[in-house]
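Chemist: model this:
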Amino acid sequence: MKKMKDQLIKSFNYAKNESDARLLNIEEKMKLADNISTTTSNTLNEPIKQPTIKAAFSCPADEYSIIDQIADRMLSRKKVVNRSEILRIGLLLLKNKSDNELNDLFNQIPELKVGRKS
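Modeler: Now for the predicted structure:
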(Lines give C-alpha, C1' and ligand atoms only; values in the text may rest on other atoms or scores of the structure.)
Protein backbone atom coordinates (compact mmCIF):
# COMPACT_ATOMS: atom_id res chain seq x y z
CA MET A 1 0.00 0.00 0.00
CA LYS A 2 2.80 2.40 0.89
CA LYS A 3 4.50 1.61 -2.40
CA MET A 4 1.32 2.49 -4.31
CA LYS A 5 0.97 5.72 -2.33
CA ASP A 6 4.59 6.66 -3.09
CA GLN A 7 4.05 5.94 -6.79
CA LEU A 8 0.93 8.13 -6.85
CA ILE A 9 2.73 10.99 -5.11
CA LYS A 10 5.68 10.64 -7.48
CA SER A 11 3.33 10.56 -10.48
CA PHE A 12 1.44 13.62 -9.21
CA ASN A 13 4.67 15.55 -8.62
CA TYR A 14 5.91 14.60 -12.10
CA ALA A 15 2.65 15.72 -13.70
CA LYS A 16 2.73 18.98 -11.71
CA ASN A 17 6.31 19.66 -12.75
CA GLU A 18 5.52 18.88 -16.39
CA SER A 19 2.48 21.15 -16.23
CA ASP A 20 4.51 23.95 -14.67
CA ALA A 21 7.22 23.47 -17.30
CA ARG A 22 4.64 23.64 -20.12
CA LEU A 23 3.04 26.72 -18.59
CA LEU A 24 6.40 28.41 -18.25
CA ASN A 25 7.26 27.41 -21.80
CA ILE A 26 3.99 28.91 -23.08
CA GLU A 27 4.55 32.13 -21.12
CA GLU A 28 8.11 32.40 -22.48
CA LYS A 29 6.85 31.82 -26.02
CA MET A 30 4.16 34.47 -25.63
CA LYS A 31 6.69 37.00 -24.32
CA LEU A 32 8.99 36.18 -27.20
CA ALA A 33 6.12 36.51 -29.68
CA ASP A 34 5.15 39.89 -28.17
CA ASN A 35 8.72 41.09 -28.48
CA ILE A 36 8.98 39.88 -32.06
CA SER A 37 5.65 41.39 -33.11
CA THR A 38 6.33 44.80 -31.58
CA THR A 39 9.90 44.85 -32.85
CA THR A 40 8.89 43.75 -36.32
CA SER A 41 5.94 46.11 -36.71
CA ASN A 42 7.81 49.08 -35.25
CA THR A 43 11.01 48.63 -37.23
CA LEU A 44 9.50 47.66 -40.56
CA ASN A 45 6.41 49.90 -40.38
CA GLU A 46 4.39 47.17 -42.05
CA PRO A 47 0.61 47.19 -41.77
CA ILE A 48 -0.97 44.41 -39.76
CA LYS A 49 -2.14 41.63 -42.09
CA GLN A 50 -5.90 41.41 -42.41
CA PRO A 51 -7.69 38.07 -42.57
CA THR A 52 -8.70 36.96 -46.05
CA ILE A 53 -12.39 36.41 -46.66
CA LYS A 54 -13.58 34.04 -49.34
CA ALA A 55 -16.83 35.09 -51.01
CA ALA A 56 -18.96 34.17 -54.01
CA PHE A 57 -20.78 36.57 -56.30
CA SER A 58 -23.09 36.53 -59.30
CA CYS A 59 -22.25 38.21 -62.56
CA PRO A 60 -23.52 38.03 -66.16
CA ALA A 61 -21.20 36.06 -68.43
CA ASP A 62 -20.29 39.04 -70.62
CA GLU A 63 -19.27 41.13 -67.60
CA TYR A 64 -17.39 38.20 -66.09
CA SER A 65 -15.40 37.83 -69.31
CA ILE A 66 -14.06 41.36 -68.73
CA ILE A 67 -12.08 39.94 -65.80
CA ASP A 68 -10.33 37.52 -68.16
CA GLN A 69 -9.77 40.30 -70.71
CA ILE A 70 -8.07 42.44 -68.06
CA ALA A 71 -5.94 39.48 -66.96
CA ASP A 72 -4.90 38.93 -70.59
CA ARG A 73 -4.03 42.62 -70.99
CA MET A 74 -1.79 42.43 -67.93
CA LEU A 75 -0.25 39.18 -69.18
CA SER A 76 0.73 40.97 -72.40
CA ARG A 77 2.64 43.38 -70.13
CA LYS A 78 4.34 40.36 -68.48
CA LYS A 79 2.33 40.75 -65.26
CA VAL A 80 0.33 37.76 -64.02
CA VAL A 81 -2.75 38.78 -62.05
CA ASN A 82 -5.61 36.73 -60.68
CA ARG A 83 -9.33 37.45 -60.52
CA SER A 84 -9.20 38.44 -56.86
CA GLU A 85 -6.57 41.08 -57.58
CA ILE A 86 -8.64 42.50 -60.42
CA LEU A 87 -11.74 42.73 -58.22
CA ARG A 88 -9.72 44.32 -55.41
CA ILE A 89 -8.41 46.98 -57.82
CA GLY A 90 -12.02 47.65 -58.86
CA LEU A 91 -12.98 48.09 -55.22
CA LEU A 92 -10.14 50.55 -54.67
CA LEU A 93 -11.31 52.57 -57.67
CA LEU A 94 -14.93 52.55 -56.49
CA LYS A 95 -13.93 53.55 -52.97
CA ASN A 96 -12.70 56.94 -54.22
CA LYS A 97 -15.88 57.76 -56.16
CA SER A 98 -18.39 60.27 -54.83
CA ASP A 99 -21.88 59.10 -53.89
CA ASN A 100 -23.28 60.63 -57.09
CA GLU A 101 -20.65 58.89 -59.24
CA LEU A 102 -21.37 55.57 -57.52
CA ASN A 103 -25.08 56.04 -58.08
CA ASP A 104 -24.49 56.73 -61.79
CA LEU A 105 -22.35 53.60 -62.10
CA PHE A 106 -24.93 51.42 -60.36
CA ASN A 107 -27.60 52.77 -62.72
CA GLN A 108 -25.52 51.52 -65.66
CA ILE A 109 -25.65 47.83 -64.69
CA PRO A 110 -28.75 45.63 -64.80
CA GLU A 111 -30.11 44.37 -61.47
CA LEU A 112 -29.74 40.64 -60.92
CA LYS A 113 -31.93 38.45 -58.79
CA VAL A 114 -29.70 37.49 -55.89
CA GLY A 115 -28.79 33.82 -55.74
CA ARG A 116 -30.63 32.94 -58.95
CA LYS A 117 -29.35 32.00 -62.38
CA SER A 118 -30.67 34.32 -65.06
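Chemist: The one helix or strand Leu91 maps to: what's the following helix or strand?
Modeler: In this structure, Leu91 sits in helix 83-95 according to DSSP states H and E. Next along the chain after helix 83-95, taking DSSP H and E as the criterion, comes helix 99-108.
Chemist: and the helix holding Leu91, which residues are buried?
Modeler: For helix 83-95, a neighbour-count test (16 or more other CB atoms under 10 Å) marks Ile86 as buried. C-betas here are computed from N, CA, C, even on glycine.
Chemist: Does that helix pack against any helices or strands, and if so which?
Modeler: With contacts taken as 3 or more CB pairs under 8 Å, 6 or more residues apart in numbering; DSSP states H and E, helix 83-95 sits against helix 61-76.
Chemist: One more pass at 10 Å, please.
Modeler: Counting contacts by 3 or more CB pairs under 10 Å, 6 or more residues apart in numbering; DSSP states H and E, helix 83-95 is packed against helix 61-76, helix 99-108.
Chemist: Name the nearest residue to Ala71, ignoring sequence neighbours.
Modeler: Distances taken as CB to CB, 6 or more residues apart in numbering place Val81 nearest to Ala71, at 5.6 Å, with adjacent residues excluded.
Chemist: Could you break the chain into its assigned domains?
Modeler: What automatic domain parsing lists as the domains of the chain is 1-47, 50-118.
Chemist: Just the mean pLDDT for the helix holding Leu91, thanks.
Modeler: Here helix 83-95 scores 93 as its mean pLDDT.
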